[in-house]
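In: show me how the following folds:
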Amino acid sequence: MPSVITANRLVDGIVVYLSADDKWLTDLGLARVADDEAGLEKLTAIAGQAAADHIIVGAYSMAVDLHEGVPGPKSVREQIRAAHRPTITAVNEAR
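Out: Residues are numbered from 1 along each chain as shown. Below you'll find the predicted structure:
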């Protein structure tokens with residue numbers, strides 16, 4: 001199953017994805033996709049080093065759907081994270 005590595009940037013908590021050039025970007029569409037266990041292990045090792053270097057925190061692999069080779073979120077949770085915005089409305093403003 002195609003997977004990518006996601007985490008939160010340590011400096012500001014923003015959701016990021018490991019890219020093909022081993023940078024941490026906010027755009028899931030630019031994430032590096034692992035097609036097998038060996039590829040995923042390599043990406044996990046890169047994420048482990050980034051965590052040790054205090055660049056990211058909370059890294060984990062996530063399954064993705066591919067649309068014309070571009071990764072997209074598979075689960076609702078990851079759709080929310082990829083959107084980079086809150087899921088609630090300003091309830092207090094209505095009161």
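In: quick one: the helices in the protein?
Out: Taking DSSP state H to define them, one finds helices in the chain at 37-52, 76-83, 91-94.
In: list the buried residues in the strand ranked longest in the chain.
Out: If you go by DSSP state E, the chain has its longest strand at strand 56-67. Neighbour-count burial for strand 56-67, counted by 16 or more other Cβ atoms under 10 Å, picks out 56, 59, 61-62, 64. For the C-beta atoms, the positions are set from N, CA and C on the backbone; glycine is no exception.
In: the helices of the chain: which one's closest to Thr26?
Out: Closest to Thr26 of the helices of the chain, according to Cβ to Cβ: helix 76-83, at 9.0 Å.
In: from what I can see Leu28 touches His67, true?
Out: No. The pair Leu28 / His67 is not scored as a contact, 11.3 Å apart, by Cβ atoms under 8 Å.
In: shared neighbours, those two?
Out: Common neighbours of Leu28 and His67 are not found (criterion: Cβ atoms under 8 Å, 6 or more residues apart in numbering).
In: remind me which residues of the protein are low pLDDT?
Out: 89-95 (pLDDT under 70).
In: 80 instead, please
Out: 86-95 (pLDDT under 80).
In: before we move on, the earlier item: can you put the buried residues of strand 56-67 in a markdown table and add distance to Val33?
Out: Compiled in a markdown table, the buried residues of strand 56-67 are given as follows (distance: Cβ to Cβ, whole Å):
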| residue | distance to Val33 |
| --- | --- |
| Ile56 | 18 |
| Ala59 | 16 |
| Ser61 | 11 |
| Met62 | 11 |
| Val64 | 7 |
